[in-house]
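A.B. asks: Predicted model follows, preceded by the sequence.
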Amino acid sequence: MSSTTGNPDYRDSGLTFPDGFLFGSATASYQIEGAYDEDGRGPSIWDTFSHTPGMVWNGDTGDVADDHYHRWESDLDLMVELGLESYRFSIAWPRIQPTGRGPAVQAGLDFYSNLVDGLIARGITPIATLYHWDLPQALEDEGGWTVRSTAEAFADYARLVGAALGDRVAVWTTLNEPWCSAYLGYGSGAHAPGVTSPLAALQAVHHLNLAHGLAIQALRSVVTNDPQYSITLNLHVLRGSGPTGAEAVRKIDAIANRAFTGPLLHGAYPPDLFVDTAAITDWSFVLEGDLEIINQPLDVLGVNYYSTTLVAVWDGVSPRQMADGHKDVGGSPWPGADDIEFLPQPGPYTEMGWNIDPSGLEELLLALHAEFPSQPLMITENGAAFDDAVTVSDGIARVHDPLRVDYLQRHFTAAHRALSAGVDLRGYQVWSLMDNFEWGYGYSKRFGIIRVDYDTQERTLKDSALWYAALITSRTIPAA
Ligand code: FCB
């Protein structure tokens with residue numbers, strides 16, 4: 001479905017973005033903040049997981065990370081240097097409620113309140129995500145996302161945060177990538193809490209969807225400004241291989257995409273998802289009235305995109321290929337799809353091993369626009385990990401990262417093509433503002449447009465940051 005004008009490789013330049021299109025960058029609390037035990041913060045599932053030997057590369061943890069908790073003001077100044085118009089950050093639930101319940105910790109609220117004030121003072125639009133995976137451990141001990149009470153607790157948390165920041169935050173995102181929370185957290189076990197159960201993964205899908213709906217209701221009841229409400233999904237751009245490709249796409253599309261867009265935007269789970277997972281569950285955890293709660297109007301749908309996925313029905317004989325881009329730790333993130341395989345795709349690849357394919361972003365935006373024509377969209381994450389080297393000349397440190405510049409240029413081109421085709425695309429938040437704790441890969445993967453030296457906490461603008469600053473100033477994709 002990709003367009004036919006422009007360079008086939010998406011290396012276009014000179015494309016201008018409209019006024020109002022928000023150029024920003026994104027981070028997440030556990031990945032950058034550090035200060036894991038300060039000012040009353042309780043433990044999250046990622047503290048437990050990263051401190052469990054063998055779960056994260058090199059035994060890395062988020063204890064210190066980018067020390068952003070102490071350096072937030074100078075980090076905001078770096079955003080000004082880049083000319084960022086928006087900043088997508090997440091709020092650590094265990095800083096607000098150390099056990100996931102009870103009154104808010106004032107110091108936790110103050111940290112984010114100061115951050116929001118600091119953004120506004122610098123003319124940067126705050127986009128706040130309530131949940132980017134750092135569930136209070138105490139709630140996990142009660143069942144985490146497999147139980148309904150966690151969704152209810154999330155609504156209380158949303159109300160506390162909304163009451164404190166709901167006069168200034170411009171965009172509220174309830175959840176980041178519930179796909180990862182459910183299927184990597186409770187299915188494959190690659191992410192915290194490291195559970196490997198197909199049933200738990202599907203229970204988590206529903207309770208996350210429910211948490212989203214309840215949180216929007218809670219926010220609406222307390223905010224005093226006129227914010228936009230949103231959720232961020234990592235929808236999978238699926239391609240089928242061979243004669244069984246279409247059936248494989250249908251099945252994975254149900255688990256990966258329609259399990260979220262169905263209830264969120266159509267008010268119903270897809271019937272084929274129930275059929276495909278019937279041996280695992282009868283979905284009786286979906287209670288009367290839940291779908292109405294989940295199906296809230298969204299002012300903007302957040303879209304995270306990195307690469308594409310190639311699937312086929314497995315013949316059951318040859319070794320099953322599982323090149324789905326996720327860390328293989330034993331469990332499956334695909335409940336009910338043991339007959340599907342994930343095929344390697346043509347390169348080039350990023351350091352994550354993910355194939356680079358900007359046409360997938362264009363295709364995803366066009367497909368969402370076709371299915372939900374009146375739904376505004378925002379790219380809430382896109383970016384790439386590459387090995388970066390620091391070079392010093394004339395005493396000035398530089399990071400020449402031409403591969404990341406090329407990746408961004410091609411994906412901004414894809415976004416521009418979607419805009420030109422009529423998609424209501426509101427902005428683009430590059431992942432990530434700075435190198436950070438990349439979950440199971442620890443500090444081994446660098447996604448930042450700003451380099452972080454983890455020994456000194458020194459920040460260095462990479463060439464990609466300078467490229468982005470030029471794009472933001474001119475609103476026009478610079479020549480590579
Ligand atoms: C997304 C996550 C984000 C980051 C990028 C690379 O799945 O939302 O935190 O890890 O991938």
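C.D. replies: Received the coordinates, thanks. Numbers count the residues shown, from 1 in each chain.
A.B. asks: Could you pull out the buried residues of stretch 94-105?
C.D. replies: Of all the residues in stretch 94-105, those buried under the rule 16 or more other CB atoms under 10 Å are Pro94, Arg95, Ile96, Gln97, Pro98, Gly100, Ala104, Val105. Backbone N, C-alpha and C define where each C-beta goes, glycine included.
A.B. asks: same thing with stretch 458-467?
C.D. replies: Arg459, Thr460, Leu461, Lys462, Asp463, Ser464, Ala465, Leu466, Trp467.
A.B. asks: sec struct for the residue lying closest to the second one once chain neighbours are set aside, please.
C.D. replies: When you say that, I think you mean Thr460. Closest residue to Thr460 apart from its sequence neighbours, by CB to CB, 6 or more residues apart in numbering: Arg451 at 4.4 Å. Taking DSSP: H, G, I helix; E, B strand; the rest coil as the rule, one finds Arg451 in the strand state.
A.B. asks: Around the ligand, which positions in the stretch 51-200 of the chain sit nearby?
C.D. replies: The stretch 51-200 of the chain comes close to the ligand at residues Asn176, Glu177, Cys180, as judged by CB under 6 Å from any ligand atom.
A.B. asks: how about these in TSV, adding neighbour count and pLDDT?
C.D. replies: Shown next, in TSV, are these (neighbours: other CB atoms under 10 Å; pLDDT from 0 to 100):
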residue	neighbour count	pLDDT
Asn176	25	99
Glu177	24	98
Cys180	20	98
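A.B. asks: can you give me the helices for the stretch 151-300 of the chain?
C.D. replies: All helices of the stretch 151-300 of the chain, identified by DSSP state H, counting those that start in this stretch, fall at 178-179, 198-222, 245-253, 259-261, 271-276, 290-294.
A.B. asks: taking the buried residues of stretch 94-105 one by one, which sit in helices?
C.D. replies: Judged by DSSP state H, the subset of the buried residues of stretch 94-105 located in helices is Pro94, Arg95, Ile96.
A.B. asks: that older thread, tell me which of the helices of the stretch 151-300 of the chain is the most buried.
C.D. replies: Mean neighbours per residue, mean count of other CB atoms under 10 Å, is largest over the helices of the stretch 151-300 of the chain for helix 178-179, with a mean of 26.
A.B. asks: can you pull the contacts of the closest residue to Arg220 other than its chain neighbours?
C.D. replies: If you skip the residues right next to it in sequence, Arg220 has Tyr229 as its closest partner in space, 7.6 Å away by CB to CB, 6+ apart. Going by CB atoms under 8 Å, 6 or more residues apart in numbering, Tyr229 touches Val171, Trp172, Thr174, Ile216, Leu219, Arg220, Gln296, Pro297, Leu298, Asp299, Val300.
A.B. asks: thinking again about what came up before, ok, the buried residues of stretch 458-467 vs the ligand, which is closest?
C.D. replies: Ser464 (14.9 Å; CB to the nearest ligand atom).
A.B. asks: so which helix or strand takes in that closest one?
C.D. replies: Here Ser464 sits within helix 463-474, counting by DSSP states H and E.
A.B. asks: Contacts for that helix next, please.
C.D. replies: 16, 23, 25, 81-85, 398-402, 404-405, 408-409, 412, 430, 449-450, 477-478.
A.B. asks: If any of those are buried, put those into a PyMOL selection.
C.D. replies: In PyMOL syntax, the buried subset of the contacts of helix 463-474 is picked out as below (16+ other CB under 10 Å):
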select buried, resi 23+25+82+84+85+398+399+401+404+405+408+409+412+430+449+450+477+478
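A.B. asks: gap between stretch 94-102 and the chain center?
C.D. replies: 22 Å (CA atoms, centre = their mean, to the nearest Å).
A.B. asks: Roughly how far does the residue lying farthest from the centre of the chain sit from Pro402?
C.D. replies: Ranked by distance from the centre of the chain (CA atoms, centre = their mean), the top residue is Asp394, with 38.4 Å. Distance, Asp394 to Pro402, using CB to CB, to the nearest Å: 20 Å.
A.B. asks: One more: Ser221?
C.D. replies: For Ser221, the distance to Pro402 - CB to CB - is 49 Å.
A.B. asks: and if you look at Pro346?
C.D. replies: 21 Å.
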